[in-house]
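**Q** Coordinates only, no sequence provided:
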């Protein structure tokens, strides 16, 4: 006799859901993304040298762009996004590089708000400094 096992709630990865203020569709908690721990560990190991070498927000975003990623703000949090579609992968805080730590090292980022997205934005190039 062959047995098949269907996943039970205890076997599913934990995912915290919050209800937005408007009461419509639930949004996911960006600090608890639906990626497994091995993928998260690999992302942290891969990102750490890029973040450590960056001397500016623009430099960090350029380094990420070479690999198909970017930084953006979603729901007011700094996130790692995929370049083709801008989808949020997870918050940078989840990856061990919180906004507060990055601001202390790189300064305040220049952010352009995304229309129609509360708390959404993308990093923009800083204005050239007069010589």
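**A** That came in fine, so what should we check first? Quick caveat, the model's predicted, so the values are computed rather than measured.

**Q** which residues does the nearest residue to residue 77 once chain neighbours are set aside bridge with?
**A** Counting by CB to CB, 6 or more residues apart in numbering, residue 77 lies nearest to residue 91, which is 4.7 Å off, once chain neighbours are set aside. Glycine gets a C-beta too; all of them are placed from N, C-alpha and C. With DSSP bridges applied, residue 91 shows beta-bridge pairing to residue 79.

**Q** Wait, residue 91 touches residue 73, no?
**A** No. The pair residue 91 / residue 73 is not scored as a contact, 9.9 Å apart, by CB atoms under 8 Å.

**Q** what do these two both touch?
**A** Here residue 91 and residue 73 have residue 79 as joint contacts, going by CB atoms under 8 Å, 6 or more residues apart in numbering.

**Q** Counting neighbours, what do you get for residue 110?
**A** For residue 110, the neighbour count with other CB atoms under 10 Å is 14.

**Q** Pretty sure residue 44 sits in a helix.
**A** Yes. The assignment for residue 44 by DSSP: H, G, I helix; E, B strand; the rest coil puts it in a helix.

**Q** For it, give me its contacts.
**A** Taking CB under 8 Å, 6+ apart, one finds 95-96 in contact with residue 44.

**Q** can you give me the helices for the chain?
**A** Remark: helices assigned in the chain by DSSP state H are 37-53, 57-65, 99-106.

**Q** Give me the helix or strand of the chain that scores worst on average pLDDT.
**A** strand 17-18 (a mean of 34; mean pLDDT, DSSP states H and E).

**Q** circling back to that earlier point, how far away is the residue nearest to residue 77 from residue 44?
**A** 12 Å (CB to CB, to the nearest Å).
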